[in-house]
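Trainee: with the input below, show me the fold.
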Amino acid sequence: LHELVWALVARVAEERGIRCVFIKGPTLHDQGLRDREQSGDVDVWCDPRRWVDLIEALQEYGWQREPDPWWGTPVGHSATLSPTG
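Mentor: Modelled structure (predicted):
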């Protein structure tokens with residue numbers, strides 16, 4: 001399932017010209033740095049000027065942003081999105 005989420009995020013970002021790189025997850029396993037092959041989530045870094053654009057684009061595919069203490073502040077720390085269905 002996580003590979004499908006990676007593919008969705010990569011495709012949505014690419015279509016909108018948002019640069020991103022995936023971190024942790026299966027990449028660490030492929031590099032021999034972690035025994036587990038699967039993760040519990042998908043971690044992606046994107047252009048900090050476009051992270052809200054990526055969040056809004058993923059909402060069109062049924063993902064919603066979870067509340068966090070950083071939203072609305074000048075600190076662009078992270079965002080957690082969850083599927084709505």
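
Trainee: what sits up against the helix or strand of the chain with the lowest mean pLDDT?
Mentor: When the helices and strands of the chain are scored by mean pLDDT, DSSP states H and E, helix 26-30 comes last with a mean of 76. For helix 26-30, the surrounding residues in contact (Cβ atoms under 8 Å, 6 or more residues apart in numbering) are 2-3, 34-39. The way it works is simple: take the backbone N, C-alpha and C, and place the C-beta from them, glycine included.

Trainee: apply 7 Å and report the result again.
Mentor: Identification of contacts with helix 26-30 by Cβ atoms under 7 Å, 6 or more residues apart in numbering yields 34, 36-37.

Trainee: make JSON lines out of the residues you listed and add secondary structure.
Mentor: Output for these, formatted as JSON lines (DSSP: H, G, I helix; E, B strand; the rest coil):
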{"residue": "Arg34", "secondary structure": "coil"}
{"residue": "Arg36", "secondary structure": "coil"}
{"residue": "Glu37", "secondary structure": "coil"}
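
Trainee: just to revisit the earlier point, how far out from the middle of the chain is the least confident helix or strand of the chain?
Mentor: 16 Å (Cα atoms, centre = their mean, to the nearest Å).
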